[in-house]
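Chemist: The sequence isn't on hand, but the structure is:
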């Protein structure tokens with residue numbers, strides 16, 4: 001599973017998947033304290049119920065300035 005939190009228009013070589021079967025979007029704004037739990041719960045659900053699919057989780061953080069993006073990227 002790939003996990004990415006890139007600003008609109010940004011691309012990092014090798015990080016973006018070429019193809020995905022499922023894309024899950026998580027919207028947030030100033031949720032640094034809780035977002036990692038949401039991402040981990042989403043990963044767990046994808047692994048448990050859809051292990052056969054290549055999945056991507058995308059966080060749209062609305063320009064948060066409270067480390068929401070960093071917390072999303074810290075989830076392994």
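Modeler: Structure's in. What do you need? Worth saying up front: this structure is predicted, and the values here are computed from it rather than measured.

Chemist: so is the closest residue to residue 38 other than its chain neighbours in a helix, a strand, or just coil?
Modeler: In space, and not counting its chain neighbours, residue 38 is closest to residue 26: 6.0 Å by CB to CB, 6 or more residues apart in numbering. (C-beta placed from N, C-alpha, C; glycine too.) Assigned with DSSP: H, G, I helix; E, B strand; the rest coil, residue 26 falls in the strand class.

Chemist: Now do residue 26 against residue 73, distance only.
Modeler: Going from residue 26 to residue 73 by CB to CB, to the nearest Å gives 13 Å.

Chemist: what do you get for residue 61?
Modeler: Relative to residue 73, and taking CB to CB, residue 61 is found at 11 Å.

Chemist: do the same with residue 57
Modeler: Applying CB to CB, the value for residue 57 to residue 73 is 11 Å.

Chemist: if you count what's nearby, which of those two comes out ahead?
Modeler: Just comparing residue 57 and residue 73: by other CB atoms under 10 Å the higher neighbour count belongs to residue 57, 22 against 16.

Chemist: Just the buried residues of the one helix or strand that one maps to, please?
Modeler: Per DSSP states H and E, residue 57 falls inside strand 55-60. Neighbour-count burial for strand 55-60 flags 55, 56, 57, 58, 59 (criterion: 16 or more other CB atoms under 10 Å).

Chemist: With stretch 40-51 instead?
Modeler: Neighbour counts over stretch 40-51 (16+ other CB under 10 Å) mark 42, 43, 46 as buried.

Chemist: ditto for stretch 24-33
Modeler: The neighbour-count check on stretch 24-33 (16+ other CB under 10 Å) flags 24, 26, 28, 31, 32 as buried.
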